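In: The sequence and its predicted three-dimensional model are supplied below.
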There are 2 protein chains.
Amino acid sequence: MNGLFEDELVKRGNLVYSYIRSDRYHERFFPDDIHDSVYLYLNGRQGKSLRPAVLLFSCGAVGGDEEIALPAAAAIEIFHTWTLVHDDVIDRDCKRRGGYTVHEEFRRRAIDLGYAEDDAVHYGTSIAILAGDVQQGWSVSLLSELAERGVDSGVVLHLIREMETGVVLTLLSGQTLDVQYSRYPIESLDEHKILGMLWKKTGALYEFAGKSGAMIGLDTKDEENELVHSVSQFTGRCGIAFQLQDDILGAVGDVQKLGKPVGSDIREGKRTLIVYHAFKNADEAQKRYLSGMLGKEGASDEEVFEVVDLLRELGSIEYASALARRYVKEAEEHIADIPESMYKDLLLMWAEYMVRREL
Amino acid sequence: MNGLFEDELVKRGNLVYSYIRSDRYHERFFPDDIHDSVYLYLNGRQGKSLRPAVLLFSCGAVGGDEEIALPAAAAIEIFHTWTLVHDDVIDRDCKRRGGYTVHEEFRRRAIDLGYAEDDAVHYGTSIAILAGDVQQGWSVSLLSELAERGVDSGVVLHLIREMETGVVLTLLSGQTLDVQYSRYPIESLDEHKILGMLWKKTGALYEFAGKSGAMIGLDTKDEENELVHSVSQFTGRCGIAFQLQDDILGAVGDVQKLGKPVGSDIREGKRTLIVYHAFKNADEAQKRYLSGMLGKEGASDEEVFEVVDLLRELGSIEYASALARRYVKEAEEHIADIPESMYKDLLLMWAEYMVRREL
């Protein structure tokens, strides 16, 4: 069955990416550096399409035609992409999906053109800012294309507004808190704050994926609609589980599969739930050790592995994993009462995939 | 009459800014640094409101009620604001409207919090990226609020798509070309290329101001409508005149009035039309001198004044000024045949103001 589910996922990913590639705005990105930067994460390095897939499944699960929701699925993927492009600058990450991040790619191109290092860094950052801006606009336009497939214009406007204020704001608040928390003493945080940050930076967009899929399927903008509520609670909770799994893979995942360096969370001093749990359960000597290692930019791979061993030893990886599974279980309860269908099954398999995935 | 016109401009500015301040999303910006950065250019340092004002005048000039267009006027002002926030990062400008730019303000705050210089610069840039992103989303939501004032949802969707793809892309292409051209040898450029870049980075948004005002006033999304065409050609051409005047003020304007350092275009080596004209008309010795000075980051104020004197001597300031006036004249011809009204008079006075302004 797992093999089957992954086929369904790939099928949606291909549908969404071919919609994106055939979008009428495709040819208009200019000059070349803007074009290349906008497509850097889209051509040959496409994502797992977990957000667009669940948007389509959600549409189907409430009785809608997923074909109609395709522009929204494309929109949420491009939305996710622009947040990655800008977040990579903010997190100073150089790798993404096995290749360079946008700002790093264009820093390198500028070096090749003879720029001084400082100017090249600035050029890379500038191009990444512009690329994300273009993609943010593009995602809105993609969402607006729903109206051409018969979705009520009022519903489309409602979704655009929700995405461009509620979701943008929540997601960027989450990213800001993530950056700010890294500078706070771990003991000043608590599990509630950390989970709140995770919900903002990841859960909110997943909640929107479910909500918009359901609203499109029902052609309604009624926030009180029971199906809309159930499905969006389901996807939102799975989103938190996804982020917990992401933090786990960031510590103990397979570098080859992930396409990005493992241990960057540790070197950046990210306040993940894993780290918080470890700190709370560490003895004084371990606390001093952890405080010294978390955020140590120049830590060697061996030092990072030593930290990961301690996280494991303190049961912190297992703790995060169990919590992720609990979120998925709670999510599943939210859709227990929706009508049985192939799409409901897909939603349930998708939820399991969120915590089972290794990349 | 001039005094009167400026009253009309201030009146629109106040209307637009009070709409912005009372917008329902006002309270939702969180955490504090996001809130403060989003409002930095909006509270106490509001702009001249030339774009929202002409949007409202355009709506009135085609027989519409400017009150209905207010959300669009607010939207275009916030749209303009996010492009400034990101462009200030890209241009490494530290001052805007008499205060610090967003990235500079938050670099300073980070220094006060004890950040190392490098980290503080990165924090300032990160906050500016996020602030612009929030504002871009906010501008879309503001535009969507037109539907609550009775504008047809299809028209609203059309405007959203136009703003978020056509305008975003054209404007950011213009900014990218501006950055790229600064690194090209001046002799590789020509007047056509420079004017094309000006149109992209400034004209396109002005064209959209006129077009959206007219479309709202007529409640139509018909791109072929004659009134829509006339008004948008008018505002677009005035936008180029505005940018030419901006370049003139950047060279010979009053530092106090402008609230930003004069000469930054020269230090950055910006390929303005003024500079191109000077280079084309310079003798060999002057060319060598100009090549050395344009883009000389550490140039003293005296050196900058010397360059400006040469630009004047070669007639380049006067050349740009005459061209700006020609664009305004051409613009005026585009609306010669629209019905006479108070709003048509306001459009004509606005056009004169675009090239007459000293800040």
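Out: Yep, it's here. Numbering: from 1, shown residues only, chains lettered A, B, ... in the order given.
In: where does the stretch 251-359 of chain A dip in pLDDT?
Out: The model of the stretch 251-359 of chain A has pLDDT under 70 over residues A:258-260.
In: The stretch 251-359 of chain A: helices as residue ranges?
Out: Using DSSP state H, counting those that start in this stretch, the helices found in the stretch 251-359 of chain A span residues A:255-258, A:264-268, A:273-281, A:284-293, A:301-313, A:316-334, A:342-356.
In: Need those in TSV (columns: distance to chain B and mean neighbour count).
Out: C-beta here means a position set from N, CA and C on the backbone, and glycine is covered the same way. Shown next, in TSV, are those (distance: least, C-beta to the nearest C-beta, whole Å; neighbours: other C-beta atoms under 10 Å in any protein chain shown):
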stretch	distance to chain B	mean neighbour count
helix A:255-258	24	12
helix A:264-268	12	20
helix A:273-281	19	22
helix A:284-293	17	14
helix A:301-313	21	16
helix A:316-334	23	19
helix A:342-356	26	19
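In: any chance of those in TSV, plus distance to B:Ile90?
Out: Output for the helices of the stretch 251-359 of chain A, formatted as TSV (distance: least, C-beta to C-beta, whole Å):
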stretch	distance to B:Ile90
helix A:255-258	31
helix A:264-268	25
helix A:273-281	35
helix A:284-293	36
helix A:301-313	35
helix A:316-334	39
helix A:342-356	37
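In: For A:Thr356, give its distance to A:Val328.
Out: Check again: residue A:356 is Arg, not Thr. 10 Å (C-beta to C-beta, to the nearest Å).
In: who's in contact with the residue in the stretch 201-350 of chain A positioned nearest to chain B?
Out: For the stretch 201-350 of chain A and chain B, the shortest gap (C-beta to the nearest C-beta) falls at A:Glu297, measuring 10.6 Å. With contact set as C-beta atoms under 8 Å, 6 or more residues apart in numbering or on different chains, A:Glu297 has these partners: A:267-268.
In: If we use 6 Å, what do you get?
Out: Residues counted as contacts of A:Glu297 (C-beta atoms under 6 Å, 6 or more residues apart in numbering or on different chains) are A:Arg267.
In: Would you list the phi and psi of it?
Out: Dihedral angles of A:Glu297 (phi, psi; degrees, to the nearest 10) stand at phi -60, psi -40.
In: quick one, which of the helices of the stretch 251-359 of chain A is nearest to A:Asp152?
Out: Proximity to A:Asp152 (C-beta to C-beta) singles out helix A:342-356 among the helices of the stretch 251-359 of chain A, at 21.5 Å.
In: near chain B, which residues of the stretch 1-150 of chain A show up?
Out: Residues of the stretch 1-150 of chain A found near chain B (C-beta under 6 Å from any C-beta of the partner chain) are A:25, A:28, A:30-31, A:34, A:86, A:90, A:126, A:129-130, A:133-134, A:136-137, A:140-141, A:144, A:147.
In: repeat that with 7 Å
Out: Proximity of the stretch 1-150 of chain A to chain B (C-beta under 7 Å from any C-beta of the partner chain) is limited to residues A:25, A:28-31, A:33-34, A:86, A:89-90, A:125-126, A:129-130, A:133-134, A:136-138, A:140-141, A:144, A:147.
In: Sort out for me which of those residues are in helices.
Out: Taking DSSP state H, the ones among these that sit in helices are A:33-34, A:86, A:89-90, A:125-126, A:129-130, A:133-134, A:136-138, A:140-141, A:144.
In: Quick check on A:Arg96: phi, psi?
Out: According to degrees, to the nearest 10, A:Arg96 has phi -160, psi 130.
In: go on, A:Thr176?
Out: Note on A:Thr176: its backbone torsions stand at phi -70, psi -40 [degrees, to the nearest 10].
In: just checking, it touches B:His35?
Out: No: judged on C-beta atoms under 7 Å, A:Thr176 makes no contact with B:His35 at a distance of 10.4 Å.
In: ok so, going back, among the residues of the stretch 1-150 of chain A next to chain B, which ones are buried?
Out: The neighbour count (16 or more other C-beta atoms under 10 Å in any protein chain shown) marks A:25, A:28-29, A:33-34, A:86, A:89-90, A:125-126, A:129-130, A:133-134, A:136-138, A:140-141, A:144, A:147 as buried among the residues of the stretch 1-150 of chain A next to chain B.
In: Not counting sequence-adjacent ones, nearest residue to A:Pro261?
Out: Spatial nearest neighbour of A:Pro261, chain neighbours left out: A:Lys95 (6.2 Å); criterion: C-beta to C-beta, 6 or more residues apart in numbering or on different chains.
In: nope, A:Glu358 is what I was after
Out: In space, and not counting its chain neighbours, A:Glu358 is closest to A:Lys257: 5.7 Å by C-beta to C-beta, 6+ apart.
In: What distance do you get for the one you found to B:Tyr39?
Out: Per C-beta to C-beta, A:Lys257 is found 43 Å from B:Tyr39.
In: Likewise for A:Tyr41?
Out: 32 Å.
In: just A:Glu224 next, same as before
Out: On the measure of C-beta to C-beta, A:Glu224 and B:Tyr39 end up 32 Å apart.
In: Which one's more surrounded, those two?
Out: Between A:Glu224 and B:Tyr39, B:Tyr39 has the larger neighbour count (other C-beta atoms under 10 Å in any protein chain shown), namely 18 against 7.
In: tell me the contacts of the more buried one?
Out: Contacts for B:Tyr39 (C-beta atoms under 7 Å, 6 or more residues apart in numbering or on different chains) come out as none.
In: pLDDT value on it, please?
Out: According to the predicted model, the pLDDT of B:Tyr39 comes to 92.
In: which phi and psi does the one residue sitting closest to the centre of chain A have?
Out: The centre of chain A sits closest to A:Thr202, judged by C-alpha atoms, centre = their mean, with a distance of 5.6 Å. Note on A:Thr202: its backbone torsions stand at phi -130, psi -40 [degrees, to the nearest 10].
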